[in-house]
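J.: mind folding the following:
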Amino acid sequence: MMKASKRRAEVKFIGRVKESGEEEAKIEIFQEFSDGLRGIDEFSHLIILYWFHLRDNEEERRTLLVFPRRHAVNVEKGVFACRSPSRPNPIGLCIVKLIKVEGNVLTVRGLDAFTDSPIIDIKPYLPRDDSIPDARVPSWALRGPST
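T.: Below is the predicted model of the structure:
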């Protein structure tokens, strides 16, 4: 068994969701991290890691079993087997289409985070590495809206 580290991890938020809309959203990257955006406009899609700030409380962090609402399943599943925002570490992940870059503001399509959600990290979407065409998923995950 692995021994837990006594060192405490630190997450630095690099930005925030400035505007979240049905079609498009704007992500503002804090000025101190804006150099990290160089070259990002060469990618059509990005992976956005963000903080579920509205679920960051002890009750939500202790939740380990949920009913996957978006998939109309009436069977409890573990939070690690679904995309519930209630989890021990309230981290969200979303793949978005990059529409434009204006200074330190990214306009994207497909972001499922709320306005003011803190941004943890941004990574370029690489089809060669990030797409698994023959991935296996349970049948309940094939129903409902995309997450």
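J.: quick one, helices of this structure?
T.: 58-62, 127-130 (DSSP state H).
J.: can you tell me how far the residue nearest to the spatial centre of the chain is from Pro138?
T.: Closest residue to the average C-alpha location of the chain: Leu93 at 1.9 Å, with Cα atoms, centre = their mean. Computed with Cβ to Cβ, to the nearest Å, the distance linking Leu93 and Pro138 is 19 Å. Yep, even glycine has a C-beta here, placed from its N, CA and C like the rest.
J.: repeat that for Asn57.
T.: Asn57 sits 29 Å away from Pro138, taking Cβ to Cβ as the criterion.
J.: the two: which is more packed in?
T.: Between Asn57 and Pro138, Pro138 has the larger neighbour count (other Cβ atoms under 10 Å), namely 13 against 10.
J.: circling back: contacting residues for the residue nearest to the centre of the chain?
T.: Going by Cβ atoms under 8 Å, 6 or more residues apart in numbering, Leu93 touches Ile47, Ile48, Leu49, Tyr50.
J.: for the residues you listed, which one is nearest Arg16?
T.: Using Cβ to Cβ, Tyr50 is the member of the contacts of Leu93 that sits closest to Arg16, with 8.8 Å.
J.: which residues touch the closest one?
T.: So Tyr50 contacts Val17, Ile91, Gly92, Leu93, Cys94, Ala113, Ser117, Pro118, Ile119, Ile120 (Cβ under 8 Å, 6+ apart).
J.: any idea how far the closest residue to Ser84 other than its chain neighbours lies from Arg38?
T.: Leaving aside its chain neighbours, Ser84 sits nearest to Val66 (4.5 Å; criterion: Cβ to Cβ, 6 or more residues apart in numbering). According to Cβ to Cβ, Val66 stands 39 Å off from Arg38.
J.: more neighbours: these two, which one.
T.: Neighbours of Val66 and Arg38, each counted by other Cβ under 10 Å, are more numerous for Val66; the result is 17 against 8.
J.: tell me the pLDDT at the more buried one?
T.: At Val66, the model reports a pLDDT of 90.
J.: now do the one 4 residues further on
T.: At Arg70, the pLDDT value in this model is 63.
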